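**Q** Need coordinates for the below:
(one chain, ligands or ions: 2)
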Amino acid sequence: MQACVAVKYSMADYWNIAPGMENALKECFSRDAEADVTLEFSIPEKDFNNAGKGSSEVKNLLKRLGVDSEVLRRIAVASYEAEINVAAHSHGGEMTSLIYDDMIHIKFIDEGPGIADIAQAMVPGYSTADDLVREFGFGAGLGLPNIQKNSDALHISSAAGESTLLEFLVFFAQ
Ligand SMILES: Nc1ncnc2c1ncn2[C@@H]1O[C@H](COP(=O)(O)OP(=O)(O)OP(=O)(O)O)[C@@H](O)[C@H]1O
Ligand SMILES: [Mg+2]
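**A** Ligands and ions are numbered 1, 2, ... in the order given. Take a look at the predicted model:
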């Protein structure tokens, strides 16, 4: 009889947080209940006609709230790239934006298939985009590096065969 080998993957966590800020910023990722406004959008798989709408609604709301235009640009770039990634690379997911008086926390949770090697996915130019995704003009492998560049703190938790959580913070006062 052949032995059945169970392969167990453990979730990998990737953090991009300025040195010395670990405790303060990790706390900001778990303030959820205190948010002033919470916005939720679903992101269906490969729906490129609608992917990006959640990010633009968040941008419009923050603009009305008077958020600085450079800060707004950074939030819009990071959230758009993350939203497109869920549509392009996952089976669909949810975007939740938590708005506080001093910052925004945006989380993306999808239905897999997960990222086997997050460090590799972060390398500029690395992409597994399929032909359809490339036809829509995506697949340069620059989305994740751009999210990192434009956010004040980034956290990704994923593994092969699991859902991916990507969440970031941007503070309104720079
Ligand atoms: N939510 C996700 N689920 C599964 N894999 C993902 C997810 N987000 C990113 N990836 C993986 O990470 C790779 C790099 O992502 P990144 O956003 O940097 O580039 P891209 O989406 O391929 O191209 P671009 O963003 O420049 O259009 C993707 O090609 C994919 O393999
Ligand atoms: Mg991308």
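
**Q** from here on, contacts and neighbour counts on C-alpha atoms
**A** Fine.

**Q** and the longest helix anywhere in the chain, C-alpha only, in CSV?
**A** If you go by DSSP state H, the chain has its longest helix at helix 69-89. Extracted as CSV, the C-alpha positions of helix 69-89 are listed here (Å, rounded to 0.1, in the frame of the first residue of the first chain):
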residue,chain,number,x,y,z
SER,A,69,-3.5,65.4,-2.7
GLU,A,70,-0.1,63.7,-2.5
VAL,A,71,-1.3,61.4,0.3
LEU,A,72,-4.5,60.7,-1.7
ARG,A,73,-2.3,59.8,-4.7
ARG,A,74,-0.3,57.3,-2.7
ILE,A,75,-3.5,55.7,-1.3
ALA,A,76,-5.1,55.5,-4.8
VAL,A,77,-2.0,53.9,-6.3
ALA,A,78,-1.6,51.3,-3.5
SER,A,79,-5.3,50.4,-3.4
TYR,A,80,-5.7,50.2,-7.1
GLU,A,81,-2.8,47.8,-7.5
ALA,A,82,-4.0,45.6,-4.7
GLU,A,83,-7.6,45.6,-6.1
ILE,A,84,-6.3,44.6,-9.5
ASN,A,85,-4.2,41.9,-8.1
VAL,A,86,-7.2,40.3,-6.4
ALA,A,87,-9.1,40.4,-9.7
ALA,A,88,-6.1,39.2,-11.8
HIS,A,89,-4.5,36.6,-9.6
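
**Q** The next helix or strand after it vs helix 69-89, what angle?
**A** Sequence order places strand 92-99 as the next helix or strand after helix 69-89, per DSSP states H and E. Using axes from the mean of the first three to the mean of the last three C-alpha atoms, to 10 degrees, the inter-axis angle of strand 92-99 relative to helix 69-89 is 160 degrees.

**Q** Offset the numbering so it begins at 81, please.
**A** From this message on, residue numbering opens at 81, which makes the last subject strand 172-179.

**Q** So which bits of strand 172-179 are buried?
**A** Of all the residues in strand 172-179, those buried under the rule 16 or more other C-alpha atoms under 10 Å are 172-179.

**Q** ok, which stretches of the protein are helices?
**A** Using DSSP H, helices in the chain cover 102-108, 133-144, 149-169, 198-201, 211-215, 223-230.

**Q** now for the longest helix of the chain, which elements pack on it?
**A** With contacts defined as 3 or more C-alpha pairs under 8 Å, 6 or more residues apart in numbering; DSSP states H and E, helix 149-169 has these neighbours: strand 117-124, helix 133-144, strand 172-179, strand 183-190, helix 223-230, strand 245-251.
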